[in-house]
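# please work out how this folds:
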Amino acid sequence: MDCLPEMLKALADETRFEIVRLLLTHDYCVGALAKHLGISEAAVSQHLQILRKAGLAKPEKRSYWTHYSIDRDRLGQVSDALKAV
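Take a look at the predicted model:
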């Protein structure tokens, strides 16, 4: 898996790891994630951008807001690649 280092770097940050944990339980918009995490919406957006670039977070436009979820297949690929090491 060529993109494994990028995905692991994205998951290495404590805040991004917490975002992934939250998004595995429910889809959230940036504002809801910011409230859960106690950080600014701008900070959440920056973390989500890194997770999106790594292919781990998926945006979905719903009316006015964009809700995010985790690409479980990609996360599973990370898990499989780590098991193979």
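
# list the contacts of stretch 42-49.
13, 15-16, 19, 30, 33-34, 37, 57, 59, 68 (C-beta atoms under 8 Å, 6 or more residues apart in numbering). Any C-beta I mention is one placed from the backbone N, CA and C, and that applies to glycine too.

# which residues touch Thr15?
Thr15 touches 37, 39, 43, 47, counting by C-beta under 8 Å, 6+ apart.

# wait, isn't the first one in contact with Ile19?
Going back to what we said before, that points to Leu37. Yes: contact criterion C-beta atoms under 8 Å: Leu37 and Ile19 qualify, at 7.2 Å.

# in terms of neighbours, single out the busier of the two.
With neighbours defined as other C-beta atoms under 10 Å, Leu37 and Ile19 compare such that Ile19 has more, 27 against 15.

# report the secondary structure element holding the more buried one.
helix 14-25 (DSSP states H and E).

# rewinding a little: identify the farthest-apart pair in the contacts of stretch 42-49.
Spanning the widest gap among those are Asp13 and Pro59, at 18.9 Å by C-beta to C-beta.
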